Structures are given as structure tokens and as C-alpha cells.
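Peer 1: Coordinates for the following, if possible.
(one chain, ligands or ions: 2)
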Amino acid sequence: MNQRILVTPRSLTQEPHPDVERMREQGFEIVYSTAGAMPNEQELIDLVPGCVGWLAGVEPVTPKIIEAAAALKVISRNGVGVDNLPIDMLRERGVKVMIAEGANSMGVAELTIGLIFSALRSIPHSDAGIKAGGWPRLRGAEIHGRTVGIIGCGAIGREVARMVIALGARVFAFDPARPNLDLPSSAFSYAEVDDIVAEADILSLHCPLPRDGSTFLDRGRIFSAKKGQVIVNTARARLVDEDALIEALDLGQIGSYATDVFEQEPPVSLELAAHGRVIATSHIGGFTAESVDRATRIAADNLLSVLSA
Ligand SMILES: NC(=O)C1=CN([C@@H]2O[C@H](COP(=O)(O)OP(=O)(O)OC[C@H]3O[C@@H](n4cnc5c(N)ncnc54)[C@H](O)[C@@H]3O)[C@@H](O)[C@H]2O)C=CC1
Ligand SMILES: O=C(O)C(=O)COP(=O)(O)O
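Peer 2: Numbering: from 1, shown residues only. Ligands and ions are numbered 1, 2, ... in the order given. Sure, this is the predicted structure:
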């Protein structure tokens, strides 16, 4: 019997992808989860037994699922975040975890710029208003001359820094690794988180979830933010205290929140997404033709490197 590979990313179950077909041509049997949907725990418990490899998306992978995965040798993400995986349990069981480092960074960086403009110019509000028969005109703000705070200067954060500097913004960034980005010191400098939160007109999150389970933008930080700040989150929902955020949006302390990510996807409650100061997209940062192709090629190569060894 052919060795089985489970394929679950929403972007790959919708339509066949040449790099998944490549694995089939190399003799593996491909098992898909439900097309276009985020697979739930029971579906994965049913599908994973007998699979040696798993090309995984951002679906929550619980210990129960891994207990059912006795044959599993490798999980290969077609993206970068691994916060959905029980990393310690996988390490104990000798299951290798691989990522497609940087593969979707351009897609996410470009969406981030789109969300910044959407918030500064109220583009969704104007569009929805005209479609409803109105002619809403909210005075906007320009990114040129503004201060952008960037949290996390990895593959995505550094692209966003370059892009906003090209648009005439000044960047204050925080990253414990302080990578050298080779950007002009007149436009880019590292700073402490609390100073960035207090001074940024626009705050953009590009770091992983803290491993200790803490909330990066907690109530204290949200209420010490520069008044009217635009927060953009294309990283992970749990970086932000949602209850405190909604209060701060109601009060206008935070001017708008543009997010591509939700605690549960699709969200169970629409309280945040439906808020008048919130712009929401459906985790589409890395969902461009180019980013999906790059990420899937790397993810398939990673799987084959382990399974064909
Ligand atoms: N919306 C979407 O579709 C996507 C979202 N993502 C999210 O974006 C995040 C960043 O992705 P990449 O830039 O590719 O990852 P990366 O690993 O290249 O960069 C992450 C950077 O964050 C830094 N960092 C770690 N802890 C930090 C902290 N507490 N504060 C500030 N910086 C910290 C690291 O030193 C690193 O430079 C991922 O963790 C993932 O959650 C990634 C891809 C697609
Ligand atoms: O790469 C990541 O961490 C992502 O968030 C991308 O998610 P996706 O695989 O495009 O559903």
C-alpha cells in the first residue's frame, strides 16, 4: 500500500495544486480534509491514522489528534506559524515539524499595507455607504510623515518596514533579535515596546504568539497607546486582549483595528468584526497565488526530504 500524506490547508483543499500532485506522482496516497473548510478535531482524528506525513495549515491540532497519529513522521506547514501545533508532544514523539520560512511574507506584507490604507482612508466604509445608496465622506489621514510601530522584524515585518518607509513614514520597531535590516537610520530605529505603543500612529504586529501564553497587547498597553492609533494585526488574534480592545475602540482610544486573524476562524461571535471601527479580512494574508505556490513547493519539498530519506 502507498504511504499516505494528509493535506489540510484551506488553500490546498479547494483545488488541486501541482506540488501536491507531485507528491502523488512520487507514489504517495493523498488524503484531503473537507474542501475549503477548517477541519475540526473529529475529522482529523478520523483522517490521520495511517498517515506518515501531514501538509498542514493553521487548523488547531490537539493532543487527541496526535494520539491517533501513530504512523506520523513529519508535519510540514505550508506557512510559518506553528502556534496551532502541540510542539512539545510532537518533539517527545519524534515527529519532525517543518515550516516554509518566509514563503508567504510578500502576500502578508502587501495585505498589511492594504489594511493600513483601508483604515486611514475608511475605504470599506466609503464602499459600503455608496452601495447602500449614500455618499459617505470621512476625512482621512496620510501615511506619509506618520510614525509606524512594527513589532517583529522577521520575513514579514521587515518588508512592511521597507514599504512604509518608501511611502514616507518613520518606523520604530521592536524585535528581541534586532536583525540588521540595512534601512536608513533617519527612517528606522529599534525602540522599547512601551515607547512604540505610546508614540506610533500605526502599530503593526508581525511576531509569533509568546510561548508563555501571555497577551502581547494587554489592557495596560492598549490603554497607553497613542490616542486614535490604528492597530493592524496580520499575525495572530491572541496577541491582543480583545475585551480591552473593544472598550478602547468604543472610547476612541484606539482609532481603528484592522485584522486578518481571529481567535476562532471563522469567528463564533461577530462582536469584534462588526464593530464600526474594525476592518476585517478572512486570514487571506498568505492567500495569494504567488505565496501559496512558494509555500506549497517548499512544504512538499520538506515532506519529501523526510519521507524519501
Ligand atoms: N495572516 C497570514 O496569513 C499570516 C500570518 N503570519 C503570522 O505572522 C507572523 C510573522 O511571520 P514571519 O515574519 O514570516 O515570521 P519570522 O519568524 O520570519 O519573524 C518573526 C519575528 O518576530 C520576532 N519576535 C519573536 N518574539 C517577539 C516578540 N515578543 N516581540 C517582537 N518580535 C518578536 C522574531 O525575532 C522574528 O524576527 C507569524 O508568526 C504568523 O503568526 C504568517 C504568515 C501568514
Ligand atoms: O503561515 C501562516 O502562519 C499563516 O497564518 C498562513 O495561513 P494559511 O496557511 O494561509 O491559512
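Peer 1: Share the number of residues neighbouring the residue in the stretch 201-309 of the chain that ligand 1 sits nearest to, please.
Peer 2: At 2.8 Å from ligand 1, G285 is the closest residue in the stretch 201-309 of the chain, using CB to the nearest ligand atom. Where you see a C-beta, it was placed from the backbone N, CA and C, and this is true even at glycine. Residues within reach of G285, counting by other CB atoms under 10 Å, total 23.
Peer 1: Skipping its backbone neighbours, what lies nearest it in space?
Peer 2: V108 (3.7 Å; CB to CB, 6 or more residues apart in numbering).
Peer 1: didn't that neighbour look like it was pressed against G157?
Peer 2: No. With contact defined as CB atoms under 8 Å, V108 does not reach G157; the gap is 9.6 Å.
Peer 1: how about the residue of the stretch 201-309 of the chain closest to ligand 1, what does it touch?
Peer 2: Residues in contact with G285 (CB atoms under 8 Å, 6 or more residues apart in numbering) are N104, G107, V108, L111, T112, T234, D260.
Peer 1: Please apply the same query to S282.
Peer 2: S282 makes contact with D260, E265, P266 under the criterion CB under 8 Å, 6+ apart.
Peer 1: between the residues you listed, which has the most around it?
Peer 2: Per-residue neighbour counts (other CB under 10 Å) across the contacts of S282 peak at D260, which has 25 neighbours.
Peer 1: what's the burial count for the residue in the stretch 151-300 of the chain that ligand 1 sits nearest to?
Peer 2: Using CB to the nearest ligand atom, the closest approach of the stretch 151-300 of the chain to ligand 1 is made by G154 at 1.7 Å. The number of residues packed near G154 is 17, by other CB under 10 Å.
Peer 1: and the residue nearest to it when sequence neighbours are not counted, backbone torsions?
Peer 2: Leaving aside its sequence neighbours, G154 sits nearest to H206 (CB to CB, 6+ apart; 6.6 Å). As for H206, its main-chain torsions (degrees, to the nearest 10) stand at phi -140, psi 30.
Peer 1: for the chain, which spans come out with low pLDDT?
Peer 2: 1 (pLDDT under 70).
Peer 1: hmm, the helix or strand hosting G107 in reach of ligand 1?
Peer 2: Taking DSSP states H and E as the definition, one finds G107 inside helix 105-121. Yes. Using CB under 6 Å from any ligand atom, helix 105-121 reaches ligand 1 at S105, V108.
Peer 1: what does the stretch 201-309 of the chain have sitting close to ligand 2?
Peer 2: Contact residues (CB under 6 Å from any ligand atom) of the stretch 201-309 of the chain with ligand 2: H283, G286, F287.
Peer 1: Neighbour-wise, which one of those leads?
Peer 2: Of all these, the most densely surrounded is G286 (29 neighbours; neighbours counted as other CB under 10 Å).
Peer 1: what's the distance between the closest residue to L44 other than its chain neighbours and ligand 1?
Peer 2: Nearest in space to L44, with sequence neighbours left out and distances taken as CB to CB, 6+ apart, is I65 at 4.6 Å. I65 is 20 Å from ligand 1, where distance means CB to the nearest ligand atom, to the nearest Å.
Peer 1: now the longest helix along the chain: how far from the chain's centre is it?
Peer 2: Criterion DSSP state H: the longest helix present in the chain is helix 289-307. Chain-centre distance of helix 289-307: 18 Å, with CA atoms, centre = their mean, to the nearest Å.
Peer 1: So which elements touch it?
Peer 2: When contacts are defined as 3 or more CB pairs under 8 Å, 6 or more residues apart in numbering; DSSP states H and E, helix 289-307 packs onto helix 10-13, helix 18-25, strand 51-56, strand 74-77, strand 96-98, helix 105-121.
Peer 1: Can it be said to contact ligand 1?
Peer 2: No. Figure legend: helix 289-307 not in contact with ligand 1 (CB under 6 Å from any ligand atom); closest approach 7.9 Å.
Peer 1: give me the number of residues near the nearest residue to A69 once chain neighbours are set aside?
Peer 2: Once flanking residues are discounted, A69 sits nearest to V48: 4.4 Å by CB to CB, 6+ apart. Neighbour count of V48, defined by other CB under 10 Å: 24.
Peer 1: V48 against L6, yeah?
Peer 2: Yes. Counting by CB under 8 Å, V48 does reach L6; the two are 5.9 Å apart.
Peer 1: Can you check which residues contact both of these two?
Peer 2: W54.
Peer 1: residue in the stretch 1-150 of the chain nearest to ligand 1?
Peer 2: Closest point on the stretch 1-150 of the chain to ligand 1, by CB to the nearest ligand atom, is G81, at 3.7 Å.
Peer 1: Could you look up the SS state of that residue?
Peer 2: Assigned by DSSP: H, G, I helix; E, B strand; the rest coil, the conformation of G81 is coil.
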